[in-house]
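Trainee: Got a sequence here, can you build the structure:
(one chain, ligands or ions: 1)
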Amino acid sequence: MNDIKLALLGSPGAGKSAVLVRFLTRRFIGEYASNSNSLYHKRLSIDGRQLNLEVFDPCSQSSEVQCILQEPLLWADGFVVVYNISDRASFINANNILMQIREARMDNCKGEVEVPVVLVGNKQDLCHVRQVLEDEGLCLAQEYHCHFQEVSAAESYQDIANLFTQLIRQVMEHLKYRADRRRYSGSKSMAKLINNMFGKRRKSV
Ligand SMILES: Nc1nc2c(ncn2[C@@H]2O[C@H](COP(=O)(O)OP(=O)(O)OP(=O)(O)O)[C@@H](O)[C@H]2O)c(=O)[nH]1
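Mentor: Model (predicted):
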């Protein structure tokens with residue numbers, strides 16, 4: 001069984017908990033206690049594979065969020081970055097978070113493919129007071145090579161289910177790629193070691 005860890009990041013009130021709870025329960029719950037971090041567990045099956053999903057939904061005020069942002073790749077296999085389309089400041093913050101994820105990845109995993117991220121423009125039902133165009137979300141996602149989707153946690157389940165499923169598929173591919181890479185560099189160093197030990201000796205016989 002695969003273990004997949006995701007983290008939701010975004011400004012306070014962007015709708016992180018709403019998006020996650022919609023995915024996990026299919027329901028929209030208007031208000032959440034938002035003074036503590038939450039770690040959700042769910043077993044699910046995607047493409048016939050059983051998965052243990054863990055999703056960290058940080059309380060935006062908590063200092064733990066800073067820890068996760070400092071070492072994101074040590075904690076999560078993938079990220080959901082949420083902003084509110086009717087709040088430009090949350091979009092600017094999403095940009096900063098994407099930048100921090102990218103920088104942390106460069107420090108920790110040189111040469112690896114980018115960690116899977118999905119950028120989510122939430123509260124699409126508030127498009128009459130929209131402050132961020134859909135195209136701006138799309139451009140930002142292109143800049144950071146991540147998927148992008150506008151959703152309304154208040155109104156729709158399906159878009160949110162699709163984006164999580166797509167992200168989890170990407171994470172599974174990414175984990176497989178990392179494992180293959182580790183195996184490959186392990187066997188390369190073993191070949192080098194054998195060559196160093198026996199290759200030279202054979203030459204001198
Ligand atoms: N209209 C509308 N309101 C939403 C939507 N999603 C969330 N909300 C509301 O936005 C507010 C904040 O939602 P939360 O899910 O608590 O936001 P959060 O990002 O988890 O906030 P923190 O816990 O403070 O980090 C709540 O009042 C929700 O009911 C949406 O799609 N549409």
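Trainee: What distance do you get for the most centrally placed residue in the chain to the ligand?
Mentor: Central residue of the chain (CA atoms, centre = their mean): residue 79, 1.5 Å from the mean position. According to CB to the nearest ligand atom, to the nearest Å, residue 79 stands 14 Å off from the ligand. Where C-beta positions appear, they are placed from N, C-alpha and C, glycine not excepted.
Trainee: tell me which element that residue falls in.
Mentor: strand 78-84 (DSSP states H and E).
Trainee: Could you point out the helix or strand that follows that strand?
Mentor: By DSSP H and E, the next helix or strand past strand 78-84 is helix 88-108.
Trainee: and that following helix with strand 78-84, angle?
Mentor: Taking axes from the mean of the first three to the mean of the last three CA atoms, to 10 degrees, helix 88-108 and strand 78-84 form an angle of 160 degrees between their directions.
Trainee: Check whether helix 88-108 comes near the ligand.
Mentor: No. Taking CB under 6 Å from any ligand atom as the criterion, helix 88-108 and the ligand are apart, separated by no less than 8.6 Å.
Trainee: Could you tell me which residues within that helix count as buried?
Mentor: Burial within helix 88-108, assessed by neighbour count using 16 or more other CB atoms under 10 Å, is assigned to 90, 91, 93, 94, 95, 97, 98, 101, 102, 104, 105.
Trainee: and it, what does it pack onto?
Mentor: Other elements packing on helix 88-108 under the criterion 3 or more CB pairs under 8 Å, 6 or more residues apart in numbering; DSSP states H and E are strand 2-10, helix 63-70, helix 72-75, strand 78-84, strand 117-122, helix 134-143.
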